[in-house]
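>>> Can you look at this prediction? I've put the sequence above it.
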Amino acid sequence: MKKSYLCAQHISLSHMKLYFLGTGTSSGVPQMGCACAVCTSSDPRDRRSRCSALLETDDHRLLLIDCGPDFRSQMLRFIAEHPHRPDSPLPYHERRVAEMSDEQARAAGLHEAPRTPYAVPALEAVLLTHEHFDHVAGLDDLRPLSHFSPIEVWAEPNVAAPILRHMGYCFGKDHYPGSPQLTMHEFSIDQSFTAAGATVTPIRVMHGRLPIAGFRIGDLAYITNARVRGLLKTKLKADGVSGYIWQDGATPLNGYRCAVSNQIPSNLTKGTAANKCSPLIFGNWSDLMIAHWGVLDVIVDPYTKSTTGAVRITTLQDVDIAVRHVESFAAIKDIVAA
């Protein structure tokens with residue numbers, strides 16, 4: 001009898017976290033003067049600020065995606081919900097009492113030297129999707145976070161230009177004590193760069209009719225079957241927009257990789273669409289654990305097919321899978337691709 005053991009074939013130790021600071025519209029929710037059911041709702045989930053997200057990378061470094069006019073209140077809430085603790089991996093800059101004089105504090109951009117312990121999240125970089133002020137107006141509020149170390153701001157050239165023109169004081173032009181200490185870096189779509197130690201790949205997405213940047217970070221990808229791939233290769237992105245949903249290249253679907261497998265069913269049923277629906281699964285595949293037990297068993301059978309001169313070979317392997325975080329995956333199951 002063979003001795004059985006566990007062999008980790010693909011077990012990721014990814015610890016990436018995404019904190020949604022704001023998920024509202026460009027005017028926030030509720031919108032001033034609006035009497036719709038959402039804007040008049042008493043549900044606290046219907047109180048949403050402008051879009052922004054904070055990413056904690058695998059090695060516990062912080063990236064901000066967009067920095068709108070609600071950033072200050074968003075970060076005050078974030079700090080209250082995730083306070084600085086010595087045993088927490090969430091990175092903070094910390095200044096203890098009596099480590100600096102009032103003069104040194106003002107030179108660093110603080111109003112005065114800390115009279116109590118002072119700590120802020122150690123933000124290293126900001127990624128900007130586009131130049132609209134509901135996504136960039138909070139750059140000025142990076143003041144207390146940037147005085148420990150300058151913060152990188154990444155943007156496309158057409159986005160960087162108006163920001164530098166209107167907010168040059170944040171980037172070293174006419175700098176004065178207390179102003180943010182930011183550095184502007186430009187990127188090009190589909191050319192990866194490194195920010196806060198993470199590899200970031202900008203991808204082109206549409207914001208209505210405005211082309212803006214999205215960002216791929218980590219092991220996010222799709223999987224589907226050949227029928228869905230065939231459908232998406234012939235379906236336009238949108239009316240009036242050139243190009244098909246499935247693009248050529250290594251990242252064919254929304255700028256992400258997409259695997260195609262005959263193990264993805266094409267005979268699901270939804271409503272009147274019987275036995276012809278297919279799923280499309282999107283997720284962080286580093287959160288899918290695959291393990292095999294024991295060695296690969298190979299059985300050679302020279303007898304069963306001996307009259308034909310062939311040898312029958314059978315291989316056996318015990319394999320199991322588990323999802324580490326179910327929140328890492330999403331699926332639609334009713335794509336009709338007959």
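Right, received. Where do you want to start?
>>> does residue 38 belong to a helix or a strand, and which?
For residue 38, there is no helix or strand it lies in under DSSP states H and E.
>>> Excluding covalently adjacent residues, which one is nearest to it?
Among residues not flanking residue 38 along the chain, residue 46 sits closest, at 5.3 Å (CB to CB, 6 or more residues apart in numbering). All C-beta spots, glycine's among them, are computed from the backbone N, C-alpha and C.
>>> Contacts only, for the one you found.
29-30, 38-39 (CB atoms under 8 Å, 6 or more residues apart in numbering).
>>> Tell me the one among these nearest to residue 196.
Nearest to residue 196 out of these is residue 29 (CB to CB; 29.4 Å).
>>> Please name the bridge partners of that closest one.
residue 48 (DSSP bridges).
>>> Could you measure from it over to residue 49?
Look at residue 29 and residue 49: by CB to CB, to the nearest Å, they are 8 Å apart.
>>> same thing with residue 62?
Here residue 62 is placed at a distance of 19 Å from residue 49 (CB to CB).
>>> Compare those two and say which is more crowded by neighbours.
Neighbours were counted for residue 62 and for residue 49 using other CB atoms under 10 Å; residue 62 has more, 21 against 18.
>>> Need the single longest strand in this structure, by residues.
strand 288-301 (DSSP state E).
>>> And it, what does it pack against?
Secondary-structure packing of strand 288-301 (3 or more CB pairs under 8 Å, 6 or more residues apart in numbering; DSSP states H and E): strand 6-10, strand 312-323.
>>> For the helix or strand that comes right after the longest one, give the mean pLDDT please.
Spelled out, that is strand 312-323. Using DSSP H and E, the next helix or strand after strand 312-323 towards the C-terminus is strand 329-336. The predicted model gives strand 329-336 an average pLDDT of 88.
>>> what do you get for stretch 256-276?
The predicted model assigns stretch 256-276 a mean pLDDT of 88.
>>> tell me which residues of that stretch are tucked away?
For stretch 256-276, burial by neighbour count (16 or more other CB atoms under 10 Å) applies to 256-258, 264, 266, 268, 276.
>>> Which ones among those map onto strands?
257-258, 268, 276.
>>> got these as CSV, with distance to residue 135 columns?
Supplementary listing: those in CSV, determined by distance: CB to CB, whole Å:
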residue, distance to residue 135
257, 27
258, 28
268, 38
276, 41
